[in-house]
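**Q** Compute the structure for the input listed below.
(one chain, ligands or ions: 2)
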Amino acid sequence: MLFDLDGTLVDSAHGIAWAVNRTLAELGHPAADETLVRTWIGEGARFLLHRALRHAGADLPDGEAFDRVFALLMRHYAASLPRQARAYPGADAALRGLRERGVAVALCTNKPQRFIDPLLEALDWRALFDGIVGGDTLPECKPSALPLLHLARALDAPVEACLMVGDSHTDAAAAHAAGMPLVLVDYGYHREFDLHGAGAVAVTGDLRMLLQMPAPGAGALAVPTGAV
Ligand SMILES: O=C(O)COP(=O)(O)O
Ligand SMILES: [Mg+2]
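**A** Ligands and ions are numbered 1, 2, ... in the order given. Okay, the predicted model is just below:
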């Protein structure tokens, strides 16, 4: 089972907004509201910076100038990780319960690779994942199918027997591109996204719903009726 991270397992927006606003302040721009920053999360850190600078009305730097500002954001992002370590209710129980049932669990996030381990350590989740792909681990990130296909292969599981669990249109697009069934949470970071029209086999407010699925091998992908 593949999990998105931000907006699905962790409510990291508070910490990410803090990092964005430290960056904007250092560049002499006013802060962006956290509710707005939430809508910029899910498409990778470069996208986040683009949106933040555009919102601030800044000239969009390119090339090396962009890389310098990006490095600044990454510095504040690293410092924000303790603030990002807020598991959603049910996430910890779902992950541990799936593992107890022998379900392979992997992380498929657009978060920069270098921040994933420290965040997992802070949540005591490092040992729970059989595979991890971040936004800059492979040549393409979600909404490309590549990270999902890569993880399915790493878990030695047929794509159609896996499940992508996410919160955003990025997760939905990647799952559809990969031909992988999709479950969406209804509490994450959405932007103009029709949750119920996104082709998910289930939309849920509590990841513990996933524990009601049959054990692997007992008919790959039965989602309990009434979950949608
Ligand atoms: O965009 C990001 O940095 C992370 O987002 P994700 O965990 O929702 O993929
Ligand atoms: Mg997400």
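
**Q** For stretch 164-172, the averaged confidence score.
**A** Here stretch 164-172 scores 97 as its mean pLDDT.

**Q** I'd like to know how far the residue lying farthest from the centre of the chain sits from ligand 2.
**A** Ranked by distance from the centre of the chain (Cα atoms, centre = their mean), the top residue is Gly28, with 29.5 Å. For Gly28, the distance to ligand 2 (Cβ to the ion, to the nearest Å) stands at 30 Å. The C-beta positions use only the backbone N, C-alpha and C, and glycine is treated the same way.

**Q** and that residue, what are its phi and psi?
**A** As for Gly28, its main-chain torsions (degrees, to the nearest 10) stand at phi 90, psi 20.

**Q** Report the residue spans of the chain with pLDDT below the cut-off.
**A** 213-228 (pLDDT under 70).

**Q** how about the residues of this protein near ligand 2?
**A** Counting by Cβ under 5 Å from the ion, the residues of the chain close to ligand 2 are Asp4, Asp6, Gly7, Gly42, Asp167, Ser168.

**Q** switch to 6 Å and redo it
**A** Contact residues, the chain versus ligand 2 (Cβ under 6 Å from the ion): Asp4, Asp6, Gly7, Thr8, Gly42, Gly166, Asp167, Ser168, Gly188, Tyr189.

**Q** restrict those residues to contacts with ligand 1.
**A** Counting by Cβ under 6 Å from any ligand atom, Asp4, Asp6, Gly7, Gly42 from the residues of the chain next to ligand 2 sit close to ligand 1.

**Q** Ignoring the adjacent residues along the chain, who's closest to the last one?
**A** Leaving out its chain neighbours, the residue that sits closest to Gly42 by Cβ to Cβ, 6 or more residues apart in numbering is Ser168, at 4.1 Å.

**Q** Surely that neighbour touches Arg191?
**A** Yes - counting by Cβ atoms under 8 Å, Arg191 is a contact partner of Ser168 at 7.5 Å.

**Q** Provide the contact partners of the longest helix seen in the chain at residue level.
**A** With secondary structure taken from DSSP state H, the chain has its longest helix at helix 63-84. Residues outside helix 63-84 that contact it (Cβ atoms under 8 Å, 6 or more residues apart in numbering): 10, 12, 14-16, 18-20, 22-23, 26-27, 45-46, 48-49, 52-53, 60-61, 112, 114-115, 118-119, 122.

**Q** domain parsing for this protein?
**A** 2-10+86-212, 13-84 (automatic domain parsing).

**Q** Quickly compare those domains and say which is most buried.
**A** By mean neighbour count, with neighbours taken as mean count of other Cβ atoms under 10 Å, domain 2-10+86-212 ranks first of the domains of the chain at a mean of 19.
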